[in-house]
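1. quick one: sequence plus predicted model below, questions after.
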Amino acid sequence: MLYFPDSIFDDYSYGTSFWESDEKNWDNIHIENEEDRKNFKKKNKIIYQTPFEANCLYGFLRNDFSWYSVEPKNINQNYIRKSININFYYTN
């Protein structure tokens, strides 16, 4: 992940959150339902959040229990979160 912060906005805390969870997520499930999201957040915890800063490249290896998110923020309606995300897939 490569972030492109906007100097007009205070977006340092808009990075990606990584969760510690016992729930499997190899298929990269996106929790759409608000109640399910609340339950997930009650049962699990954020273990790391990348700062949303320029000139830094972040990467991670997925596993059976990989969960990550961008947490909602109260942001200006004109703000656009700019990033480049590259996924590599492989099979054995």
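-> Looks like it came in fine.

2. start to end distance for stretch 77-92?
-> Distance between the boundary residues of stretch 77-92 (Cα to Cα, to the nearest Å) amounts to 44 Å.

3. use 891 as the first number from now on
-> Understood, numbering begins at 891; the last thing we discussed is stretch 967-982.

4. buried residues in that stretch?
-> By neighbour count, and taking 16 or more other Cβ atoms under 10 Å as the criterion, the buried residues in stretch 967-982 are R971. C-beta: built from backbone N, CA, C; applies to glycine.

5. identify the residues contacting it?
-> For stretch 967-982, the external contacting residues (Cβ atoms under 8 Å, 6 or more residues apart in numbering) are 891-896, 899, 901, 904, 942, 960.

6. now P895. Nearest residue, chain neighbours left out?
-> Once its chain neighbours are removed from consideration, P895 has its nearest residue in D901; the separation is 5.0 Å (Cβ to Cβ, 6 or more residues apart in numbering).

7. and that neighbour, backbone torsions?
-> Per-residue torsions, D901: phi -110, psi 20 (degrees, to the nearest 10).

8. one more: S959?
-> Taking degrees, to the nearest 10, you get phi -160, psi 170 for the backbone angles of S959.

9. mind checking how far the closest residue to it other than its chain neighbours is from T981?
-> Excluding its sequence neighbours, the residue lying closest to S959 (Cβ to Cβ, 6+ apart) is S907, at 5.1 Å. Between S907 and T981 the computed distance is 28 Å (Cβ to Cβ, to the nearest Å).

10. hmm, which of the contacts of stretch 967-982 are the buried ones?
-> Neighbour-count burial (16+ other Cβ under 10 Å) is assigned, among the contacts of stretch 967-982, to 891, 893, 895-896, 901, 904, 942.
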